[in-house]
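A.B. asks: Below: sequence and its predicted model.
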Amino acid sequence: MVETFERAATALPNDAEFRDIEVVAHLAHRAGRATALTLIVDRAGGVDLHVCERIAKRLNVELDRETEPYTLEVESPGLERPLFQRADYERFRARPARIVTTVALRGQKTHRGTLGGVRGQAVILQQSDGECLIPFEMIKTANLEFDPREDLRREKRERKEKE
């Protein structure tokens, strides 16, 4: 079941109907007697319910061939998108982020700042007290942080530019 899900999920961007889809993550775990499958997808401009439904329908065609019971969730990464791959840290450069490390670094495990890309085997996080280099092997979780105030300021700037 899990192998079929992973194969179908990774093949999704090769399907002509879903070429613009990025598979952010595919997760599977046992949930009682069934296997809970989660696919997180993104695309330029975001993902809406209609896109998630189309993807779920496509995956169910493959998964229904299996005899094991399963649940399937297809979702967008949301405003606080998780960062999994090295390329994510470059792609979202200059965006606010929160990184949790496996061991304390600079006396803490939770680090907030602005992504500055990647240098060697570390993520660059710009903080108020300077640059913090966080080695990839120390990252437990990482995600973008949504600041509604900054979003409102950006919208205001864009409106002024149009005037």
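C.D. replies: In hand now; what should we look at?

A.B. asks: tell me the mean pLDDT for the strand ranked longest in the chain?
C.D. replies: In terms of residue count, the longest strand belonging to the chain (DSSP state E) is strand 108-119. For strand 108-119, the mean pLDDT works out to 93.

A.B. asks: Tell me the buried residues in that strand?
C.D. replies: Across strand 108-119, burial judged by 16 or more other CB atoms under 10 Å covers 111, 113-116, 118. The C-beta positions use only the backbone N, C-alpha and C, and glycine is treated the same way.

A.B. asks: partners of it, with directions?
C.D. replies: If you go by DSSP bridges, strand 108-119 pairs up with strand 96-105 (antiparallel), strand 122-127 (antiparallel).

A.B. asks: just to revisit the earlier point, between the buried residues of strand 108-119, which is nearest residue 11?
C.D. replies: residue 118 (27.7 Å; CB to CB).

A.B. asks: Beta-bridge partners for the closest one, please?
C.D. replies: For residue 118, the beta-bridge partners are residue 123 (DSSP bridges).
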